[in-house]
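Asker: Here is my input, please return the structure:
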Amino acid sequence: MRRTLTAALVALLALATRRVEAQPCACPTARPPAVALAESDAVFEGQVAGVREGTYVTGSGDPVPGRWITLLVLREWKGATAGTTRYVFTPTACPVPFEASTAWVVYARHAGANHDLRTTRCQRTRPVSTAREDLVALGIPGTQIQAAPNVDRTRVIRTAPRGPVRRVIRRRRVRVRRRR
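Answerer: Sure thing, here's the model as predicted:
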């Protein structure tokens, strides 16, 4: 009987410990993509090129442990340029689970002593595979680059309006007439 009770208590303690580790930060309800775009300093789609452990220095000089993520910007909506590399910090206390060679829609803010980009799990940063709502709400970005393995990713493709938007542009051509 004691062994059963002890085993049950150990199992319960193990579950409680795992739950605390899985949820270290409490996030408010998710904001819609348009609100998150307005509140962020940079919003872009990036492919993870590297992950390294490091620290981030807050404005008051306190070090915060976490990970620095190197991202190749594939598409940009705000505060980034397609084809460039951006470095984003995610703290250990509320990390975004970035993985190498995956594409993410990143919402980041400038913070800290050097105004570095920083993102947490509480922001809308998520893998592209689960970011359909964000991609639809954000619309067509200003520029795109092709992301394919072993391809030069510096080639920038400018996107032009298509469909009904292009027709509206054509209809609004104005003829200038001279008065006599």
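Asker: Count the neighbours of residue 75 for me.
Answerer: By the criterion of other CB atoms under 10 Å, residue 75 has 23 neighbours. From N, CA and C alone the C-beta is placed, and that goes for glycine too.
Asker: Make sure residue 127 is actually in contact with residue 106.
Answerer: No. Counting by CB atoms under 8 Å, residue 127 does not reach residue 106; the two are 10.4 Å apart.
Asker: Residue 113 contacts residue 62, doesn't it?
Answerer: No. With contact defined as CB under 8 Å, residue 113 does not reach residue 62; the gap is 9.7 Å.
Asker: which residues touch the helix or strand encompassing residue 35?
Answerer: Here residue 35 is covered by helix 33-39, with elements defined by DSSP states H and E. For helix 33-39, contacts defined as CB atoms under 8 Å, 6 or more residues apart in numbering pick out 31, 43, 77-78, 107, 109, 123-124, 133-134, 137-138.
Asker: what's the most distant pair in those residues?
Answerer: With CB to CB as the measure, no two of those lie farther apart than 109 and 133, at 20.5 Å.
Asker: ok, these two, which is more surrounded?
Answerer: Summary of the neighbour comparison: residue 109 and residue 133, criterion other CB under 10 Å, with residue 109 having more neighbours (17 against 14).
Asker: What strand or helix carries the more buried one?
Answerer: With secondary structure defined by DSSP H and E, residue 109 is part of strand 103-111.
Asker: Averaged pLDDT, that strand. What do you get?
Answerer: The predicted model assigns strand 103-111 a mean pLDDT of 94.
Asker: list the buried ones in it?
Answerer: Of the residues in strand 103-111, 103-109, 111 count as buried by neighbour count, 16 or more other CB atoms under 10 Å.
Asker: now, which of the residues you listed sits nearest residue 84?
Answerer: The closest of the buried residues of strand 103-111, once distances to residue 84 are taken by CB to CB, is residue 106, at 13.0 Å.
Asker: and the gap between the nearest residue to that closest one once chain neighbours are set aside and residue 113?
Answerer: Once its chain neighbours are removed from consideration, residue 106 has its nearest residue in residue 125; the separation is 5.1 Å (CB to CB, 6 or more residues apart in numbering). Residue 125 sits at a distance of 22 Å from residue 113 (criterion: CB to CB, to the nearest Å).
Asker: and what of residue 25?
Answerer: 22 Å.
Asker: With residue 72 instead?
Answerer: Separation of residue 72 from residue 113 (CB to CB): 26 Å.
Asker: okay, the two: which has more neighbours?
Answerer: Remark: of residue 72 and residue 113, residue 72 carries more neighbours, 21 against 12, as counted by other CB under 10 Å.
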